[in-house]
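1. Predicted model and sequence below, questions to follow.
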Amino acid sequence: MKQDLNDMLFLVAIPRGKLLKTSRQLQEKLNNKFQLYRDKLPPLHVTIERLNIDDEEKYIRAVNIIDSICDVTEPFEVTVNGFSFFEPPYKSINLNVSATDPIKSLSEKLNVELRKEGFTDRKFDENWHFHISLVNMVFADREWSENEFEEAKLMIQNWKLDLTCKVEWLELWRPKYNPRLVIEDFFPLGHKVNV
């Protein structure tokens, strides 16, 4: 399932350390078995917000909003506890990211402020499903069958995961990674004290 991503930007948290290493190994294992990606595997991340921006002025305003919120948000832990799945048409196998108060609070603040300015059309959802996509149809070189998707789900059902990493910054990405990932901006967390 291909989406029109031309004007989209994704504000993401990046897994690091053992969480990143384990995620990459799982992604490679699934791809070796099902051959969904020929060249590069999609970069691993947790989407915090998606934005729709079509000009430079809007981009600058959005970056200022993100900066101001990230400046007063302390670094936080991201915890993965098992897997989640998005059924067809997405056919996505994900690592389940716990919806802890810090990540939900950050997501809500960003969503409310960016939506006021029309930079996102997503309405904040208390039940938003945070995740790290391992494989899905968005950037795949071929679509896997529903049987393959079900086989992949069975393949990982007994794998145990309980991993944590600290998020100290967010990145703003264009949804392009081949031949290289396009990182538009970088937002350290807790850069300023809220007074």
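-> Received the coordinates, thanks.

2. list the helices and strands the helix or strand encompassing residue 77 packs on?
-> When elements are assigned from DSSP states H and E, residue 77 belongs to strand 76-86. Other elements packing on strand 76-86 under the criterion 3 or more CB pairs under 8 Å, 6 or more residues apart in numbering; DSSP states H and E are helix 17-34, strand 92-97, helix 101-116, strand 163-167. Heads up, the C-betas are built off the backbone N, CA and C, glycines and all.

3. Make CSV out of these and add distance to residue 85, mean pLDDT and mean neighbour count.
-> Listed next are the helices and strands packed on strand 76-86 as CSV, based on distance: least, CB to CB, whole Å; pLDDT from 0 to 100; neighbours: other CB atoms under 10 Å:
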stretch, distance to residue 85, mean pLDDT, mean neighbour count
helix 17-34, 12, 96, 16
strand 92-97, 6, 97, 21
helix 101-116, 20, 96, 17
strand 163-167, 18, 96, 16
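
4. ok so, going back, mind checking the pLDDT average for the strand holding residue 77?
-> Mean pLDDT, computed over strand 76-86, is 95.

5. re earlier: the helices and strands packed on strand 76-86: which one's closest to residue 174?
-> When the helices and strands packed on strand 76-86 are compared by CB to CB, helix 101-116 sits nearest residue 174, at 16.7 Å.

6. how many degrees apart are the closest one and strand 76-86 in direction?
-> If you take axes from the mean of the first three to the mean of the last three CA atoms, to 10 degrees, helix 101-116 sits at 80 degrees to strand 76-86.

7. rewinding a little: give me the sheet partners of the strand holding residue 77 and which way each runs.
-> strand 92-97 (antiparallel), strand 163-167 (antiparallel) (DSSP bridges).

8. List of residues touching it?
-> Strand 76-86 is contacted by residues 13, 15, 19, 23, 46, 92-98, 100, 102-103, 106, 129, 131-132, 136, 153, 156-157, 159-167, 189 when judged by CB atoms under 8 Å, 6 or more residues apart in numbering.
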